[in-house]
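Student: Provided below for reference: sequence and predicted model.
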Amino acid sequence: MALRLGLLLERLRQAKPLPKPPPALFREHPEVRTPLRLDLPYYAARRGGKFILIPWDGYMEEVERALEEL
(Lines give C-alpha, C1' and ligand atoms only; values in the text may rest on other atoms or scores of the structure.)
Protein backbone atom coordinates (compact mmCIF):
# COMPACT_ATOMS: atom_id res chain seq x y z
CA MET A 1 0.00 0.00 0.00
CA ALA A 2 2.78 2.41 0.94
CA LEU A 3 4.61 1.53 -2.28
CA ARG A 4 1.55 2.37 -4.39
CA LEU A 5 1.04 5.62 -2.53
CA GLY A 6 4.71 6.48 -2.99
CA LEU A 7 4.53 5.80 -6.74
CA LEU A 8 1.37 7.89 -7.03
CA LEU A 9 2.96 10.80 -5.18
CA GLU A 10 6.08 10.54 -7.34
CA ARG A 11 3.97 10.73 -10.53
CA LEU A 12 2.10 13.75 -9.17
CA ARG A 13 5.37 15.57 -8.41
CA GLN A 14 6.63 15.23 -11.98
CA ALA A 15 5.89 18.31 -14.00
CA LYS A 16 3.72 17.57 -16.99
CA PRO A 17 3.27 20.15 -19.70
CA LEU A 18 -0.30 21.29 -19.95
CA PRO A 19 -2.00 20.44 -23.22
CA LYS A 20 -1.97 23.19 -25.80
CA PRO A 21 -5.33 24.99 -25.94
CA PRO A 22 -7.29 24.46 -29.15
CA PRO A 23 -7.02 27.15 -31.81
CA ALA A 24 -9.54 29.95 -31.64
CA LEU A 25 -12.76 29.18 -33.42
CA PHE A 26 -13.46 32.82 -34.24
CA ARG A 27 -12.92 34.14 -37.72
CA GLU A 28 -14.18 37.01 -39.75
CA HIS A 29 -17.07 36.14 -42.06
CA PRO A 30 -16.92 38.51 -45.02
CA GLU A 31 -19.75 36.58 -46.69
CA VAL A 32 -22.10 37.68 -43.88
CA ARG A 33 -21.57 41.38 -44.54
CA THR A 34 -24.38 42.90 -46.48
CA PRO A 35 -23.58 45.42 -49.18
CA LEU A 36 -24.28 49.07 -48.48
CA ARG A 37 -27.62 50.31 -49.74
CA LEU A 38 -28.31 53.90 -50.62
CA ASP A 39 -31.91 53.76 -49.40
CA LEU A 40 -30.92 53.04 -45.76
CA PRO A 41 -29.43 55.51 -43.29
CA TYR A 42 -26.21 54.49 -41.53
CA TYR A 43 -24.29 55.70 -38.53
CA ALA A 44 -20.55 55.48 -38.02
CA ALA A 45 -19.12 53.52 -35.10
CA ARG A 46 -15.48 53.15 -34.12
CA ARG A 47 -14.18 49.60 -34.07
CA GLY A 48 -10.53 48.83 -33.42
CA GLY A 49 -9.27 52.24 -34.46
CA LYS A 50 -11.27 52.40 -37.67
CA PHE A 51 -14.84 53.35 -38.49
CA ILE A 52 -17.54 50.98 -39.65
CA LEU A 53 -21.02 51.78 -40.92
CA ILE A 54 -23.97 50.24 -39.11
CA PRO A 55 -27.44 50.40 -40.67
CA TRP A 56 -30.02 52.47 -38.86
CA ASP A 57 -32.73 49.84 -38.37
CA GLY A 58 -35.78 49.38 -36.17
CA TYR A 59 -33.66 48.50 -33.18
CA MET A 60 -31.70 51.73 -33.45
CA GLU A 61 -34.91 53.73 -33.81
CA GLU A 62 -36.20 52.14 -30.60
CA VAL A 63 -32.93 52.97 -28.81
CA GLU A 64 -33.07 56.55 -30.05
CA ARG A 65 -36.64 56.94 -28.74
CA ALA A 66 -35.64 55.49 -25.36
CA LEU A 67 -32.71 57.88 -25.10
CA GLU A 68 -34.89 60.87 -25.98
CA GLU A 69 -37.27 59.94 -23.14
CA LEU A 70 -34.47 60.10 -20.55
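Tutor: That came through, no problem. Residues are numbered from 1 along each chain as shown.
Student: list the buried residues for the host helix or strand of L12?
Tutor: Using DSSP states H and E, L12 falls within helix 2-13. Counting neighbours by 16 or more other CB atoms under 10 Å, one finds that helix 2-13 has no buried residues. The C-beta positions use only the backbone N, C-alpha and C, and glycine is treated the same way.
Student: quick check: next helix or strand after that helix?
Tutor: Next helix or strand after helix 2-13 toward the C-terminus (DSSP H and E): strand 42-47.
Student: low-confidence ranges, the protein, go.
Tutor: Within the chain, the stretches with pLDDT under 70 are 21-22, 24-33.
Student: and if we set it to 90?
Tutor: The chain contains residues with pLDDT under 90 at 1-65, 67, 70.
Student: next, I52: phi, psi?
Tutor: Backbone torsions for I52, taken as degrees, to the nearest 10, come to phi -130, psi 160.
Student: distance of P41 from G58?
Tutor: Per CB to CB, to the nearest Å, P41 is found 12 Å from G58.
Student: more crowded one of these two?
Tutor: Legend: neighbour count by other CB atoms under 10 Å for P41 and G58, higher for P41 (11 against 7).
Student: wait, that one sits on W56?
Tutor: Yes. Assessed by CB atoms under 8 Å, P41 is found in contact with W56 at 4.1 Å.
Student: now do the helix holding L12: which elements does it pack against?
Tutor: Helices and strands touching helix 2-13, by 3 or more CB pairs under 8 Å, 6 or more residues apart in numbering; DSSP states H and E: there are none.
Student: Y59 versus K20, what's the distance?
Tutor: Computed as CB to CB, the K20 to Y59 distance reads 40 Å.
Student: neighbour count for these two, which is higher?
Tutor: Y59 (9 against 6).
Student: and the more buried one, how close does it get to A45?
Tutor: 14 Å.
Student: kindly report the same for L5.
Tutor: For L5 relative to A45 (CB to CB), the value is 61 Å.
Student: tally of neighbours for the closest residue to F51 other than its chain neighbours?
Tutor: Spatial nearest neighbour of F51, chain neighbours left out: A44 (4.8 Å); criterion: CB to CB, 6 or more residues apart in numbering. Counted by other CB under 10 Å, the residues lying close to A44 total 9.
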